[in-house]
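**Student:** Attaching a predicted model along with its sequence, questions to come.
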Amino acid sequence: MDALSEAVRRGAPADELAGLPVPETYLAAHTRVEDTGMFHGVQDKDVRKSLHVGEVPMPQLAPDEVLVAVMASSINYNTVWSATFEPLPTFDFLKAYGRRGRWEARHDQPYHVLGSDAAGVIVRIGEGVRRWRVGDHVGVSPIQVDDQEPATHDDGMLGEGQKAWGYETNFGGLAHYAVVRASQLVPKPAHLTWEEAASTTACAGTAYRMLVSDRGARMKQGDVVLIWGAAGGLGVYAVQLVKHGGGIAVGVVGSEEKADLLRKIGCDVVINRSELGIGDDDGTDPAQVVEAGKRLGRIIRRETGEDPHIVFDYVGQATFGISMFVLRRGGAIVTCGSSTGYHHRYDNRYLWMKLKRVIGCHAANLQEQWESNRLIDMGRVMPMVSRTYPLAQTGEAARLVQDNQHVGKIGVLCLAPAAGLGVTDPAKRARIGEDRLNPLRDQR
């Protein structure tokens with residue numbers, strides 16, 4: 001291991017970090033351009049076959065960027081998309097991005113370092129960085145924006161230059177080092193371990209925008225919120241935000257084991273999908289949609305007395321028609337993804353005649369990310385790591401997410417030699433309580 005990495009691991013002071021050379025290469029989980037056709041005609045696109053962990057060249061740092069020594073990262077579904085080369089190979093994104101200019105050209109490589117979550121230590125700052133210093137402990141927002149674009153100053157997510165870091169850009173977080181724009185950074189909560197902090201930015205920030213922000217559903221006290229995939233990385237944060245916002249969380253999961261875990265984190269109503277009799281393909285059959293919607297509606301009314309005000313749906317094709325059916329008059333579906341398919345089918349009469357709304361959300365702008373991080377720092381919202389893997393086993397970790405065999409977030413240890421490290425405020429951690437901070441630890 002290089003001298004800088006070793007110094008970061010032992011908690012060396014900032015002046016020592018600044019004086020050590022940056023390595024010429026670093027270890028990273030990545031895909032390779034020559035593999036983009038490997039799954040043509042293959043039904044099981046096993047990401048363990050396409051995710052490589054090996055040395056890649058260290059890129060040059062732009063003036064508005066920092067180099068983060070990544071202590072831990074986590075798996076998001078966009079890593080699965082990247083590793084299956086669907087819906088498009090991400091190398092197409094990188095090539096188009098690389099044509100924009102000098103600094104963008106660095107991203108067009110025959111390898112793609114993945115990962116949209118990270119927590120670590122800043123070891124270098126670009127000449128234009130003002131608010132951060134070498135040695136700072138940080139979390140990384142999954143969104144990179146162009147701060148010279150007018151739309152960014154209204155909402156960072158509206159700018160054409162907005163990119164999903166580690167998916168639409170190179171040099172992401174599943175690595176020993178990551179290249180990050182200064183406008184992506186948030187302070188790492190001092191009471192969290194590295195892997196806990198790395199599990200929060202992408203999913204907690206996205207759930208915050210979807211439910212709480214004025215760009216999302218604007219949840220209010222007493223709202224009944226239906227959450228599909230409530231035991232997943234997004235769902236477990238949605239449940240917490242609904243509960244802390246005075247709402248009533250109704251979670252749908254795919255197994256009784258996951259149902260038990262949801263009850264453990266305080267979900268008000270837990271529904272096993274088997275009660276609804278739906279599979280991943282049922283969302284396209286109008287008759288099945290109505291029947292499943294009626295069953296779901298009866299359960300929700302039985303348990304809460306009314307229909308949902310908000311539906312939190314990132315599952316997509318299999319659930320969207322049901323979401324539209326079961327949502328109350330004037331309610332809102334808020335969506336940020338489609339893990340079961342992008343082509344949604346629903347009866348438009350339920351949308352226009354009952355004045356319902358569909359709100360698209362994608363990650364979070366920096367202010368929303370800071371607000372979400374503030375709740376985590378206050379101990380109001382808890383990290384939801386269920387398991388951790390070493391960087392060398394990133395493929396195994398991503399396979400769990402690909403097969404929906406996980407709960408909460410799957411952490412990946414990068415430079416951190418073991419789980420449980422990185423806490424710099426143990427007194428605060430003790431006040432919050434170890435059990436509260438790790439409700440899903442070691443759950444399959």
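**Tutor:** Arrived safely, thanks for sending. Numbering: from 1, shown residues only.

**Student:** Let me see the contact set for Trp81.
**Tutor:** Pro87, Thr90, Tyr167 (C-beta atoms under 8 Å, 6 or more residues apart in numbering). All C-beta atoms are positioned from the backbone trio N, CA, C, and that covers glycine.

**Student:** With Leu437 instead?
**Tutor:** By C-beta under 8 Å, 6+ apart, the residues touching Leu437 are His191, Leu192, Glu196, Met382, Pro383, Arg429.

**Student:** With Gly316 instead?
**Tutor:** Each residue near Gly316 by C-beta under 8 Å, 6+ apart is listed here: Gly283, Thr335, Gly337, Ser338, Ser339, Thr340, Gly341, Tyr342, His344.

**Student:** Could you look up the SS state of the nearest residue to Lys409 once chain neighbours are set aside?
**Tutor:** Spatial nearest neighbour of Lys409, excluding adjacent residues (C-beta to C-beta, 6 or more residues apart in numbering): Ser199 at 3.9 Å. Three-state call for Ser199 (DSSP: H, G, I helix; E, B strand; the rest coil): coil.

**Student:** phi, psi of Ser199?
**Tutor:** Backbone torsions of Ser199, given as degrees, to the nearest 10, read phi -90, psi 0.

**Student:** pLDDT score assigned to it?
**Tutor:** In this model, Ser199 is scored at 95, pLDDT.

**Student:** Would you list the buried entries among the contacts of Trp81?
**Tutor:** The neighbour-count test (16 or more other C-beta atoms under 10 Å) applied to those identifies Thr90, Tyr167 as buried.

**Student:** Lowest-confidence member of the contacts of Trp81, which is it?
**Tutor:** Minimum confidence in the contacts of Trp81 sits at Pro87, scoring 87.

**Student:** right, and that residue touches Tyr342 too?
**Tutor:** Yes - between Pro87 and Tyr342 there is a contact at 7.1 Å, judged by C-beta atoms under 8 Å.

**Student:** Can you name the residues bridging to Ala178?
**Tutor:** Counting by DSSP bridges, Ala178 is bridged to Val68.

**Student:** Might you report the residue contacts of it?
**Tutor:** Applying C-beta under 8 Å, 6+ apart to Ala178 gives the contacts Leu67, Val68, Val70, Val113, Gly115, Ala118, Gly120, Val140, Gly166, Phe171, Gly172.

**Student:** C-terminal to the longest helix anywhere in the chain, what's the next element?
**Tutor:** Longest helix in the chain by number of residues (criterion: DSSP state H): helix 286-304. Using DSSP states H and E, the next helix or strand after helix 286-304 towards the C-terminus is strand 310-312.

**Student:** Which other helices and strands does that following strand contact?
**Tutor:** Contacts defined by 3 or more C-beta pairs under 8 Å, 6 or more residues apart in numbering; DSSP states H and E place strand 310-312 against helix 201-211, strand 224-228, helix 233-244, strand 332-335.

**Student:** any chance of these in a markdown table, plus distance to Leu94?
**Tutor:** Converted to a markdown table, the helices and strands packed on strand 310-312 look like this (distance: least, C-beta to C-beta, whole Å):
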| stretch | distance to Leu94 |
| --- | --- |
| helix 201-211 | 20 |
| strand 224-228 | 31 |
| helix 233-244 | 25 |
| strand 332-335 | 26 |
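
**Student:** Which one of these lies nearest to Asn348?
**Tutor:** Among the helices and strands packed on strand 310-312, the nearest to Asn348 by C-beta to C-beta is strand 332-335 (13.0 Å).

**Student:** what mean pLDDT does the helix or strand just after that closest one have?
**Tutor:** For strand 332-335, the following helix or strand on the C-terminal side (DSSP H and E) is helix 348-352. Average pLDDT, helix 348-352: 93.

**Student:** same check, this time on stretch 428-443
**Tutor:** The predicted confidence, averaged over stretch 428-443, sits at 87.

**Student:** buried residues in that stretch?
**Tutor:** Of the residues in stretch 428-443, Lys428, Arg429, Leu437, Asn438, Pro439, Leu440, Arg441, Gln443 count as buried by neighbour count, 16+ other C-beta under 10 Å.

**Student:** what's the answer for stretch 269-278, then?
**Tutor:** Neighbour-count burial for stretch 269-278, counted by 16+ other C-beta under 10 Å, picks out Val269, Val270, Ile271, Arg273, Leu276, Ile278.

**Student:** try stretch 26-34
**Tutor:** Buried residues in stretch 26-34, defined by neighbour count with 16+ other C-beta under 10 Å: Tyr26, Leu27, Ala28, Ala29, His30, Thr31, Arg32, Val33.

**Student:** check contacts around the third one.
**Tutor:** Each residue near Ala28 by C-beta under 8 Å, 6+ apart is listed here: Val53, Gly54, Glu55, Val56, Val113, Leu174, Ala175, His176, Tyr177.

**Student:** cool, and the last one?
**Tutor:** With contact set as C-beta under 8 Å, 6+ apart, Val33 has these partners: Pro89, Phe91, Pro110, Tyr111, His112.

**Student:** out of those residues, which is most surrounded?
**Tutor:** Using other C-beta atoms under 10 Å as the neighbour criterion, His112 leads those with 27 neighbours.

**Student:** so who does it touch?
**Tutor:** For His112, the contact set (C-beta under 8 Å, 6+ apart) comprises His30, Thr31, Arg32, Val33, Ser82, Thr90, Phe91, Leu94, Asn170.

**Student:** Which single one of the residues you listed is nearest to Val239?
**Tutor:** Ser82 (27.3 Å).

**Student:** would that closest one count as being in a helix?
**Tutor:** Yes - per three-state DSSP, Ser82 lies within a helix segment.

**Student:** and it, how many neighbours does it have?
**Tutor:** Using other C-beta under 10 Å, Ser82 has 28 other residues around it.

**Student:** my guess is it contacts Tyr167, does it?
**Tutor:** Yes - counting by C-beta under 8 Å, Ser82 touches Tyr167, with 6.1 Å between them.

**Student:** Need the overlap of contacts for those two.
**Tutor:** Counting by C-beta under 8 Å, 6+ apart, the residues touching both Ser82 and Tyr167 are Thr90, Leu114.
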